[in-house]
Structure formats: structure tokens, C-alpha cells
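Chemist: for reference, the sequence and a predicted model appear below.
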Amino acid sequence: MENGKNKHLNVPFNREETVKLKAGDYVYLSGTIYTARDAAHKRMYETLQKGGELPFDLQDNVIYYMGPSPARAGRPIGSAGPTTASRMDKYAPSLLDLGLRGMIGKGRRSDAVIEAIVRDQAVYFAAVGGAGALLSRAIISSEVIAYDDLGTEAIRRLEIRDFPVIVVIDCEGNNLYDMAILQYGCSTAEKNEKSN
């Protein structure tokens, strides 16, 4: 799995693999992940509230917050960049409690999501925003498996190979965004001190 801070990980993955991931690690994911955005999360949440079954098993799986553009000829999917993760914060703790192991998006998460990540030994990855065309090259196949009426927000099963992500929040609650702010703040203070 490891090569310095660069790691290769097959998905789905279990709790034992999750604890090896640390905020700031670069990870290349290969295997099966699922896409879902706002509308799909709302529908899954409502299904759970009614005691229904979800369209795929959450246990040890990863959801990518993404809505693709149409596929070009010869490609399984179009541009496939991440959506702002905070839009799913209302629903994420419930899904994590049901066994969801990882999420891929961009941007910060709420305190409730971070608490659920720690409680359920999960992980939040970031994919690089604005690089959807490049990210789509790591997607081997794409198949709509539920909520086809939602168009780009339908749930898809993606087969991926070496999909690049960064661990933002690890299962201990370490947050790369906060760590970077502290590091940058210290560097700035040191520079100012030296220039005086």
C-alpha cells in the first residue's frame, strides 16, 4: 500500500486500511466507487427514513461527490471533477454510521461530519477541483445504477484505476486544511520575525 507518503489503495477498503491513512497522504484509488450528489443524498436519506433499502451497500464503500459532463466518443465519462462536499454534510453522518468508509469531494466539512468520521473510522479525501478532465482519465467505466431520473445526479458505479486523491480528514480527526493554516501561519510569523 505505501510508498513514502504516496499510497495505493484498492476500494472498497476496511477499517484496518483506514487507520493507515493520515491527513496529507497522497492516495491512488483503484476499484469500485459510487457517485452521489445533493439530490441523490436527499433521496437516500428519505429512503432510510422510510425504512427502505439503498441502491448499493454502503459497507466499506466510497462515495464520490461528482456529477459528470456527457461522455465524449470513446470515453466512459466526461469531465468528472468534485463537488463541494459541505452540500452533503446534512446526510453524511447517517451514511457513515451505516458503514460508508470514505467520501471524495472538495472543501471543508462540518463538525458533525468530522465527529462521524472519527466515530466510524472513516476518511474524507479531496480530489483537485478544476481538474475534472484529468480525473476522468482514471475512470475505466461508468454505469448508472439508481435514480436515472436525476440526470447527472444519478448514482453511478465507477471502476477506477489510480484515481488521485489527498487525505484531508483521517480517522483520528486530523484535518489537512487546519494543519496547512497552522503551518502557513507559523511560516509567516517566522518570516516577519526574521525581517524585523
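Modeler: Sure thing, it's come through.

Chemist: what's the neighbour count on the residue lying closest to residue 5 once chain neighbours are set aside?
Modeler: Residue nearest to residue 5 in three dimensions, not counting chain neighbours: residue 25, with 5.4 Å by CB to CB, 6 or more residues apart in numbering. (C-beta placed from N, C-alpha, C; glycine too.) Residue 25 has 21 neighbouring residues, counting by other CB atoms under 10 Å.

Chemist: got phi/psi on residue 25?
Modeler: When read as degrees, to the nearest 10, the backbone of residue 25 gives phi -70, psi 140.

Chemist: how distant is stretch 53-64 from the center of its chain?
Modeler: In this view, stretch 53-64 has its centroid 13 Å away from the chain centroid, taken as CA atoms, centre = their mean, to the nearest Å.

Chemist: measure that stretch end to end?
Modeler: Start-to-end span of stretch 53-64 (CA to CA, to the nearest Å) is 20 Å.

Chemist: quick one: mean pLDDT over it.
Modeler: Stretch 53-64 carries an average pLDDT of 97.

Chemist: name the residues that touch that stretch?
Modeler: Stretch 53-64 is contacted from outside by 11-14, 29, 32-36, 44, 47-48, 82, 95, 98-105, 125, 127, 145-147, 155, 157-158, using CB atoms under 8 Å, 6 or more residues apart in numbering.

Chemist: recalculate using a threshold of 6 Å.
Modeler: With contacts defined as CB atoms under 6 Å, 6 or more residues apart in numbering, stretch 53-64 is touched by 11-12, 14, 33-36, 44, 95, 98-104, 145-146, 155.

Chemist: still on that earlier bit, what's the per-residue pLDDT of the residue nearest to residue 5 here?
Modeler: For residue 25, the model assigns a pLDDT of 95.
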